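Colleague: just a sequence and a predicted model for now, questions to come.
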Amino acid sequence: MADISGDALRGHLETMVLSVLDRGESHGFEIWRRLEDQGKGALRLKEGSLYPALYRLEKAGLVRAEWEKQSEQPRKDNTPRRGARRRIYRITPKGRRRLSEGRQQWMHFVSIIGPIVGASA
């Protein structure tokens, strides 16, 4: 495995986003909400970091985004959802491969840093 650089931790946002999308397509706010929920209150993401990450992932071909169609917007009571259309993000096969690599990098990071700081790996 490659050495862990100083930016390694910051570089895991994209892996976390891919992990959320691996569980199902979603729009940006829902991705943010899932990350916050799964972070158990300790993870505080700013919109200013999430959306640029989504754009980078899309540009790299790791996710595909499409504008939500009107027919995909009904609320629970079957009335149309009002408001701006949302971009729906889906992970691509290339994104799944990158997610696998990101998980391996994270495990490597934990196996090196964990013992240094006295945490079990």
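Modeller: Happy to help now that I have it. Computed from a prediction, not measured in an experiment: that's the story for all the values here. Numbering: from 1, shown residues only.

Colleague: how about low-confidence regions in the protein?
Modeller: For the chain, applying pLDDT under 70 flags the ranges 1-10, 70-83, 120-121.

Colleague: how about a cut-off of 90?
Modeller: Low-confidence regions of the chain, defined here as pLDDT under 90, cover residues 1-13, 35-50, 68-85, 105-106, 109-110, 119-121.

Colleague: and the residue nearest in space to the middle of the chain, what does it touch?
Modeller: Compute the mean C-alpha point of the chain, and by CA atoms, centre = their mean the closest residue is Val17, 0.5 Å away. Taking CB atoms under 8 Å, 6 or more residues apart in numbering, we find Val17 in contact with Ile31, Leu35, Leu50, Ala53, Leu54, Leu57, Val63. From N, CA and C alone the C-beta is placed, and that goes for glycine too.

Colleague: which outside residues touch the helix or strand hosting the second one?
Modeller: Looking back up the chat, that one is Leu35. Per DSSP states H and E, Leu35 falls inside helix 28-38. Under the contact criterion CB under 8 Å, 6+ apart, helix 28-38 has outside partners 16-17, 20-21, 23, 26, 43-45, 47, 50-51, 54, 86-87, 89.

Colleague: hmm, which of those are the buried ones?
Modeller: Among these, those classed as buried by neighbour count (16 or more other CB atoms under 10 Å) are Met16, Val17, Val20, Leu21, Ser26, Leu45, Leu50, Leu54, Arg86, Tyr89.

Colleague: so where do the helices sit in the protein?
Modeller: Under the criterion DSSP state H, the chain contains helices at 13-22, 28-38, 47-59, 93-117.

Colleague: greatest separation within the buried ones among the contacts of helix 28-38: which pair is it?
Modeller: Distance extremes for the buried ones among the contacts of helix 28-38: the farthest pair is Met16 and Arg86 at 20.0 Å, using CB to CB.

Colleague: out of the helices of the chain, flag the one nearest Lys69.
Modeller: The nearest among the helices of the chain, by CB to CB, is helix 28-38 at 16.5 Å.

Colleague: what about the closest residue in space to Ser19 that isn't next to it in sequence, how many neighbours?
Modeller: In this structure, Ser19 finds its nearest non-sequential neighbour in Leu99, 6.1 Å apart by CB to CB, 6 or more residues apart in numbering. Using other CB atoms under 10 Å, Leu99 has 20 neighbouring residues.
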